[in-house]
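> coordinates only, sequence not included:
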């Protein structure tokens, strides 16, 4: 299966929930010249669950590979890597459905896809020049997850803790952590975002220098 490719350098950043993937991706882009880097959150590609009743949506396993629309992500990445734009879906996390809105994303020199299972799909890994895994202790991930989901996703602490124990940790053990073996750069989240972003940028520079 051939993928069109021009000058875009695809970077995947995977790892457990709230290990710092999004912050690192944004920090890398801020270190690069404006307009030369784009970030896609894998979470944008959750399947639309609007056909299910709310109680079933809330009970869905969002940490399993089947929760993501991989074919749509591949199509969009092909377009971006070939120099064209793509319409990236916007996910409504409070209601577990696609919002119906898309963001028009332009092609860029460096394209980063970040998410818990960014290194899961073999086709994506083949397309990427740099595959980063960000590691973090479970306790750190849980605390950050509670803070984030309450602030940004309309959740309660009890519901976050319940989901963390029921699906987040088991799925991390079964699907997320094994993808560390596909990384060609492993980071420890305790090091600080600025320092970690600099390490990713150094690797990007090396890859560019070697063509």
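Yes, it's here. Because the structure is predicted, anything quoted here is derived from the model rather than measured.

> in a helix, residue 73, correct?
Yes - Residue 73: assigned to a helix according to DSSP: H, G, I helix; E, B strand; the rest coil.

> residues touching it, list them.
40, 42, 45, 113, 121, 124 (C-beta atoms under 8 Å, 6 or more residues apart in numbering). (Each C-beta comes from the backbone N, C-alpha and C, glycine too.)

> just checking, next helix/strand downstream of the longest strand along the chain?
Criterion DSSP state E: the longest strand present in the chain is strand 97-105. Going down the chain from strand 97-105, the next helix or strand is strand 110-114, by DSSP states H and E.

> verify the stated contact: residue 187 with residue 27.
No - using C-beta atoms under 8 Å, residue 187 makes no contact with residue 27, being 11.9 Å away.

> between those two, which one's more packed in?
Legend: neighbour count by other C-beta atoms under 10 Å for residue 187 and residue 27, higher for residue 187 (23 against 18).

> ok, now which ones touch residue 99?
89, 90, 91, 92.

> where's residue 51 relative to residue 95, distance?
Distance, residue 51 to residue 95, by C-beta to C-beta, to the nearest Å: 12 Å.

> more neighbours, those two?
Set side by side, residue 51 and residue 95 show more neighbours around residue 95, with 14 against 9, by other C-beta under 10 Å.

> picking that back up, in helices, which of the contacts of residue 73 appear?
Residues of the contacts of residue 73 located in helices (DSSP state H): residue 124.

> need the max-distance pair from the contacts of residue 73.
40 and 121 (13.3 Å; C-beta to C-beta).

> below-threshold pLDDT in the protein: ranges please.
Applying pLDDT under 70 to the chain flags the ranges 1-7, 211.

> helices of that one, start to end?
Taking DSSP H as the test, the helices found in the chain are 21-31, 54-58, 70-81, 122-127, 138-153, 157-163, 169-171, 193-209.

> of all those helices, which lies closest to residue 103?
Set against residue 103 and scored by C-beta to C-beta, the helices of the chain come closest in helix 70-81, at 10.8 Å.

> and the residue located most distally from the centre of the chain, how far from residue 16?
What lies farthest from the middle of the chain is residue 53; by C-alpha atoms, centre = their mean that is 26.7 Å. Going from residue 53 to residue 16 by C-beta to C-beta gives 30 Å.

> same question for residue 164.
Distance of residue 164 to residue 16, given as C-beta to C-beta: 11 Å.

> who's more crowded, those two?
residue 16 (28 against 21).

> distance between the ends of stretch 175-186?
End-to-end distance for stretch 175-186, by C-alpha to C-alpha, to the nearest Å: 17 Å.

> that older thread, pipe the contacts of residue 73 into CSV and attach distance to residue 58 per row.
Listed next are the contacts of residue 73 as CSV, based on distance: C-beta to C-beta, whole Å:
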residue, distance to residue 58
40, 25
42, 20
45, 19
113, 26
121, 26
124, 28
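
> closest one of the contacts of residue 73 to residue 201?
Closest to residue 201, out of all of these and judged by C-beta to C-beta, is residue 113, at 16.5 Å.

> just checking, that closest one touches residue 77?
Yes - if you go by C-beta under 8 Å, residue 113 and residue 77 touch, sitting 7.2 Å apart.

> ok so, going back, can you tell me which of the helices of the chain is most buried?
helix 21-31 (a mean of 20; mean count of other C-beta atoms under 10 Å).
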